[in-house]
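Enquirer: got a sequence here, can you build the structure:
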Amino acid sequence: MDKMNAINEAGLYRLRSNNTATASSGAATLNRPSGKVTSESLTTAAAAEYTLTLTNSMAEAADIVLWSVGNGTNSGGTPGCGGATPAAGSVVFTVTNLHASSAFNGTIVVSYELVKTK
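Expert: Numbering: from 1, shown residues only. Model prediction:
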């Protein structure tokens, strides 16, 4: 079985190759049902938000977006999931810096999977 492209237990096809992108000015394009987007270098202040707009031709407004956020090169602040809003052709992710006093000082990584509801 091809481990990069396989049908899982639920009968869903997963394309797992080429599923990374790098954002520039809070925007990235990745036309995959799942993937990882690395932000540009950030200086988001404590208790502030960073918005990432992902252009994705597979996204639909009715999709459920499963996602997480973690540090790339960032060693300051605490990234947290604020929200994900799917639309036709895009998803907008809001990442909140949960730290009380420390700003981000590098990149963060948003990982996502689109779940179709219809």
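Enquirer: and the nearest residue to residue 76 once chain neighbours are set aside, what does it touch?
Expert: Distance criterion C-beta to C-beta, 6 or more residues apart in numbering; nearest residue to residue 76, sequence neighbours excluded, is residue 105 at 4.0 Å. Every C-beta, even on glycine, is put in place using the N, C-alpha and C of the backbone. Going by C-beta atoms under 8 Å, 6 or more residues apart in numbering, residue 105 touches 42, 43, 74, 75, 76, 77.
Enquirer: the same query, at a cut-off of 7 Å, please.
Expert: 43, 74, 75, 76 (C-beta atoms under 7 Å, 6 or more residues apart in numbering).
Enquirer: farthest pair within those?
Expert: 43 and 75 (12.7 Å; C-beta to C-beta).
Enquirer: more neighbours, these two?
Expert: residue 43 (13 against 10; other C-beta atoms under 10 Å).
Enquirer: and the gap between the more buried one and residue 62?
Expert: Applying C-beta to C-beta, to the nearest Å, the value for residue 43 to residue 62 is 35 Å.
Enquirer: cool, residue 19 as well?
Expert: 22 Å.
Enquirer: higher neighbour count, the two?
Expert: residue 19 (18 against 11).
Enquirer: just the pLDDT for the nearest residue to that one once chain neighbours are set aside.
Expert: Nearest non-adjacent residue to residue 19, counting by C-beta to C-beta, 6+ apart: residue 35, 3.8 Å away. With respect to pLDDT, residue 35 scores 96.
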